[in-house]
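Engineer: coords please:
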Amino acid sequence: MTMQSDRVVVIGVAGDSGCGKSTFLKRLADLFGEEFMTVICLDDYHSLDRKGRKKAGVTALNPKANNFDLMYEQIKALKGGKAIDKPIYNHETGEIDPPERIEPNKVIVIEGLHPLYDERVRSLVDFGVYLDISDEVKINWKIQRDMAERGHSYEDVIASINARRPDFNAYIEPQKEYADVVIQVLPTQLIEDKECKYLRVRLLQKDHVVNFEPVYLFDEGSTIDWRPCGRKLTCAFPGIKLFYGPDSYYGHDVSVLEVDGQFDNLEELIYIESHLSNTGAKHYGEMTELLLKHKDYPGSNNGSGLFQVLVGMKMRETYEKLIAAEEKVPAKV
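Structural biologist: Here you go, the predicted model:
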């Protein structure tokens, strides 16, 4: 990716822990180039370490456990092209380690629990995404991970989710309203599926966002239900269903794109890609290529991987529009 401008673009990626942020960030690195993109985990702005939170009786989700003044000052400095000394929160020890030097870069991604929470920090974000995992899917993912990998009991997993829920509802979830794009991961509607093996994934795209044109299926502004399975797309039961149409979300007009079910053969995704418009692809089939590049990543065979790639391509397009606009503005003497 060619990047000549000095403009620093800030991307915010919000969502609960374990909702797929790290996979999404890997997909973004493909699009921007690792050398041009610096990721800042906002856990580093915890003002209270693990012991301090326990003593104060607050969770990491609570704004009282985070230093938003420092977060704002440092992200603003990076956006202004200045280096910072960023604190480090050590997840192993639960303590705050000595800071590290971070130089400004072309793209700064701030990811974590609160990128869109503080109004000042939010004002610095050029493009915001919220990864919204429904309770049913979140519980199933956590059960699979914590029981299999960490030896936790089912009761422990449910208790830990319930303990976080009040703070999640109060401080994390409201950020959805401020995101330009929300990726919702829900249980399928195609069959009864208590284990959430199949997913219904919705891409909510705000209308009237500067430098962002929503992706659409077939015909912009129409309402489309499409089952592409058959000769052009191999689909085992229960198949795949796509939807596109207008909706309202937190009082904003949005364009919704939805994929329910999973793909059997990722090479065939080119057929679906060819019916999508405004994808921000540089060439025919780029979205399919990017998915195939990491077909082992979680969600690659359903709408979550597809929409992560799609949102990444739209972020790149927004970045390029911002840079082009910057280059047209005459420099101040």
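
Engineer: would you list every one of the helices in the stretch 51-200 of the chain?
Structural biologist: Secondary structure of the stretch 51-200 of the chain (DSSP state H, counting those that start in this stretch): helices at 68-79, 119-124, 135-149, 154-167.

Engineer: Could you identify which of the ones you listed is most buried?
Structural biologist: helix 68-79 (a mean of 19; mean count of other C-beta atoms under 10 Å). (Glycine included, C-beta is placed from N, CA and C.)

Engineer: Can you pull out the residues in contact with that one?
Structural biologist: Helix 68-79 is contacted from outside by 8, 10, 38, 40, 42, 45, 83-84, 86-87, 102, 104-105, 108, 110, 114, 117-118, 120-121, 124, using C-beta atoms under 8 Å, 6 or more residues apart in numbering.

Engineer: hang on, isn't T23 packed against Y297?
Structural biologist: Yes - if you go by C-beta atoms under 8 Å, T23 and Y297 touch, sitting 5.3 Å apart.

Engineer: Quickly list what's touching both of those two.
Structural biologist: By C-beta under 8 Å, 6+ apart, the residues touching both T23 and Y297 are G305.

Engineer: in the chain, what secondary structure element scores lowest on mean pLDDT?
Structural biologist: Ranked by mean pLDDT, DSSP states H and E, the weakest helix or strand in the chain is helix 135-149, scoring a mean of 75.

Engineer: K26 reaches Y297, doesn't it?
Structural biologist: Yes - between K26 and Y297 a contact is recorded at 6.9 Å, counting by C-beta under 8 Å.

Engineer: Looking at these two, which one has more neighbours?
Structural biologist: Y297 (19 against 14; other C-beta atoms under 10 Å).

Engineer: Strands of the chain, start to end?
Structural biologist: 9-14, 37-41, 84-90, 95-102, 107-112, 127-133, 181-187, 199-206, 216-217, 224-226, 240-249, 252-261, 276-277 (DSSP state E).

Engineer: Given the fifth one, what are its sheet partners and their directions?
Structural biologist: When sheet partners are counted by DSSP bridges, strand 107-112 sits next to strand 9-14 (parallel), strand 37-41 (parallel).

Engineer: Please export the C-alpha coordinates of the longest one as CSV.
Structural biologist: Extracted as CSV, the C-alpha positions of strand 9-14 are listed here (Å, rounded to 0.1, in the frame of the first residue of the first chain):
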residue,chain,number,x,y,z
VAL,A,9,-5.6,7.9,10.7
VAL,A,10,-7.0,6.5,13.9
ILE,A,11,-9.3,3.4,13.8
GLY,A,12,-11.3,2.3,16.8
VAL,A,13,-12.2,-1.4,17.3
ALA,A,14,-14.5,-1.9,20.3
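
Engineer: can you pull the buried residues of it?
Structural biologist: V9, V10, I11, G12, V13, A14 (16 or more other C-beta atoms under 10 Å).

Engineer: Now do that strand, average pLDDT.
Structural biologist: If you average the pLDDT over strand 9-14, you get 94.

Engineer: contacts for it?
Structural biologist: Against strand 9-14 from outside (C-beta under 8 Å, 6+ apart): 21, 24-25, 28, 75, 78-79, 106-116, 122, 124-131, 172, 175, 179, 315, 318-319, 322-323.

Engineer: excluding its backbone neighbours, what's nearest E273?
Structural biologist: M287 (4.9 Å; C-beta to C-beta, 6 or more residues apart in numbering).

Engineer: and what of Y244?
Structural biologist: Using C-beta to C-beta, 6+ apart, the nearest residue to Y244 is L217, at 3.7 Å.

Engineer: I figured the one you found was touching I224, is that so?
Structural biologist: Yes - between L217 and I224 there is a contact under C-beta under 8 Å: 5.2 Å.

Engineer: Overlap in contacts, these two.
Structural biologist: With contacts taken as C-beta under 8 Å, 6+ apart, the residues that reach both L217 and I224 are L242, Y244.

Engineer: Quick check on the two: which one has the bigger neighbour count.
Structural biologist: When neighbours are counted by other C-beta under 10 Å, L217 and I224 differ, and L217 comes out ahead with 20 against 15.

Engineer: Beta-bridge partners for that one, please?
Structural biologist: Legend: beta-bridge partners of L217 under DSSP bridges are L276.

Engineer: contacting residues for it?
Structural biologist: I224, W226, L242, Y244, L257, H275, L276, S277.

Engineer: okay, now the last one: neighbour count?
Structural biologist: Here the count is done by other C-beta under 10 Å, and S277 has 13 residues near it.

Engineer: List the contacts of it.
Structural biologist: V215, Y216, L217, E220.

Engineer: Likewise for the second one?
Structural biologist: Residues counted as contacts of W226 (C-beta under 8 Å, 6+ apart) are L217, F218, K241, L242, F243, Y244, H275.

Engineer: Look up how far L113 lies from the first one.
Structural biologist: Just to be clear, that refers to L217. 32 Å (C-beta to C-beta, to the nearest Å).

Engineer: Same question for the third one.
Structural biologist: Distance of K241 to L113, given as C-beta to C-beta: 33 Å.
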